[in-house]
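A.B. asks: Fold the stuff below for me.
(4 chains)
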2 protein chains.
Amino acid sequence: MTTDSFELEQFLPYRLNRAAEFVGLRFAAHYKAKYGLTRPEWRTLAALGSSGRMTSKAVGIHSSMHKTKVSRAVFALEQRRWLKRSQDDADRRLEHLELTAAGQQAYRELIELARRYQTELEVEIGESGIEALSTGLTAIEEVIRRSGKGKQPEPDDL
Amino acid sequence: MTTDSFELEQFLPYRLNRAAEFVGLRFAAHYKAKYGLTRPEWRTLAALGSSGRMTSKAVGIHSSMHKTKVSRAVFALEQRRWLKRSQDDADRRLEHLELTAAGQQAYRELIELARRYQTELEVEIGESGIEALSTGLTAIEEVIRRSGKGKQPEPDDL
DNA sequence: ACGATATGGTTGCAAATGTAACCATCAATT
DNA sequence: AATTGATGGTTACATTTGCAACCATATCGT
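C.D. replies: This is a model prediction of the structure:
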């Protein structure tokens, strides 16, 4: 037994990764070329832009990124004067993040880009493909939710 | 206009990436723990195991990996004595790769792991979810095929 | 046969990432 | 209030990656 064939092409993790990479890299090329943003930076901007004032930790949860990625992205966006921090005075460990006017402006432009790209994808992939994909992704997201791992755990993964 | 909301959670590149990461990392944990393999190494092994003798370039195409990733993975597997190279004597630039007995053995064990993981996923995600996902992925793969970018271009991406 | 160009593969270097350790602050227990 | 243990966030260090330059060989045009 266990003798039959195995093809990478039909292995789900491989297929997913390949698709994600393709779709993601193409979009990244857009904002990288236009604004020199990295992916963590773009995600942080998106989180902050859509949900307003929030802490680094919240950004991490919202965008499924590890502490350190968020930390560095926040730093970079701060340098760029696209966001500002402010200490919480009840709990001095945490700081609230907020987009500056420039940051909000950039955010608006970026999500416009994102929307265009998404519809571009919808055209290429086709309505039925998109719908199927979305259904499948929702199912996986449910599994992620159940397993509690949106990425950004402190003690340990495994 | 362009004023309405944008949510990362429903942006396709984000969702795909998140799902791929989740599914991929969990599987990687398996072979990393058991054999200390990296992902490029596992992919190379899988390609070689299923298709037999082939060149580095072919591995790259088969597994959607860039030259350099393949090169380093091949080197690592060679150290481990899981594969051997042999020069093509018609064209001395290219070398053919082949798994050793040990490599084939490892391959068999690994694909057994992979199969188990895949069915585990099928249970978690549910038959209908898997089916939808597969349909969607196929649609994207079609786009990738058309755009010719399976990853591993020489001159340039953009 | 000769130079230009292309191709398989490797390597050096810079940038991105993950991990763990760390700092500061807060909360709970005593 | 002193000790212990979380928690938000940053940083140092090692590993992984991506890119460009590179080497060797092969091909094409002349």
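
A.B. asks: which ones are touching the residue nearest to residue A:98 when sequence neighbours are not counted?
C.D. replies: Of all residues not flanking residue A:98 in the chain, residue A:53 sits nearest, at 4.7 Å (C-beta to C-beta, 6 or more residues apart in numbering or on different chains). (C-beta placed from N, C-alpha, C; glycine too.) For residue A:53, the contact set (C-beta atoms under 8 Å, 6 or more residues apart in numbering or on different chains) comprises A:96-98.

A.B. asks: tell me the mean pLDDT for the helix or strand harbouring residue A:77?
C.D. replies: Assigned by DSSP states H and E, residue A:77 belongs to helix A:67-79. The average pLDDT within helix A:67-79 is 97.

A.B. asks: Report the backbone C-alpha coordinates of it in PDB.
C.D. replies: In PDB, the C-alpha atoms belonging to helix A:67-79 read as follows (Å, rounded to 0.1, in the frame of the first residue of the first chain):
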ATOM      1  CA  LYS A  67       4.200  41.400  16.800                       C
ATOM      2  CA  THR A  68       7.500  42.000  15.300                       C
ATOM      3  CA  LYS A  69       6.200  42.600  11.800                       C
ATOM      4  CA  VAL A  70       3.700  45.000  13.100                       C
ATOM      5  CA  SER A  71       6.300  46.700  15.200                       C
ATOM      6  CA  ARG A  72       8.600  47.300  12.200                       C
ATOM      7  CA  ALA A  73       5.800  48.300   9.900                       C
ATOM      8  CA  VAL A  74       4.500  50.800  12.400                       C
ATOM      9  CA  PHE A  75       8.000  52.200  12.800                       C
ATOM     10  CA  ALA A  76       8.300  52.600   9.000                       C
ATOM     11  CA  LEU A  77       5.000  54.300   8.600                       C
ATOM     12  CA  GLU A  78       5.800  56.600  11.500                       C
ATOM     13  CA  GLN A  79       9.000  57.700   9.700                       C
END
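
A.B. asks: Check which helices and strands that helix is in contact with.
C.D. replies: Judged by 3 or more C-beta pairs under 8 Å, 6 or more residues apart in numbering or on different chains; DSSP states H and E, helix A:67-79 is in contact with helix A:39-51, helix A:56-63, strand A:83-87.

A.B. asks: rerun that using 6 Å as the cut-off
C.D. replies: Helices and strands touching helix A:67-79, by 3 or more C-beta pairs under 6 Å, 6 or more residues apart in numbering or on different chains; DSSP states H and E, are helix A:39-51, helix A:56-63.

A.B. asks: Among those helices, which comes closest to DNA strand D?
C.D. replies: Closest approach to DNA strand D among those (C-beta to the nearest atom of the strand): helix A:56-63, 3.1 Å.

A.B. asks: ok, which stretches of chain A are strands?
C.D. replies: For chain A, the strands defined by DSSP state E occupy A:54-55, A:83-87, A:95-99.

A.B. asks: thinking again about what came up before, now render the contacts of residue A:53 as a markdown table, adding neighbour count and distance to DNA strand C.
C.D. replies: Formatted as a markdown table, the contacts of residue A:53 follow (neighbours: other C-beta atoms under 10 Å in any protein chain shown; distance: C-beta to the nearest atom of the strand, whole Å):
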| residue | neighbour count | distance to DNA strand C |
| --- | --- | --- |
| A:96 | 15 | 14 |
| A:97 | 24 | 18 |
| A:98 | 14 | 20 |
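
A.B. asks: Residue A:23 reaches residue B:13, doesn't it?
C.D. replies: Yes: at 4.9 Å, residue A:23 counts as touching residue B:13 under the criterion of C-beta atoms under 6 Å.

A.B. asks: Against residue A:40, how distant is the nearest residue to residue A:37 once chain neighbours are set aside?
C.D. replies: Nearest non-adjacent residue to residue A:37, counting by C-beta to C-beta, 6+ apart: residue A:31, 4.9 Å away. The gap separating residue A:31 from residue A:40 is 12 Å, by C-beta to C-beta, to the nearest Å.
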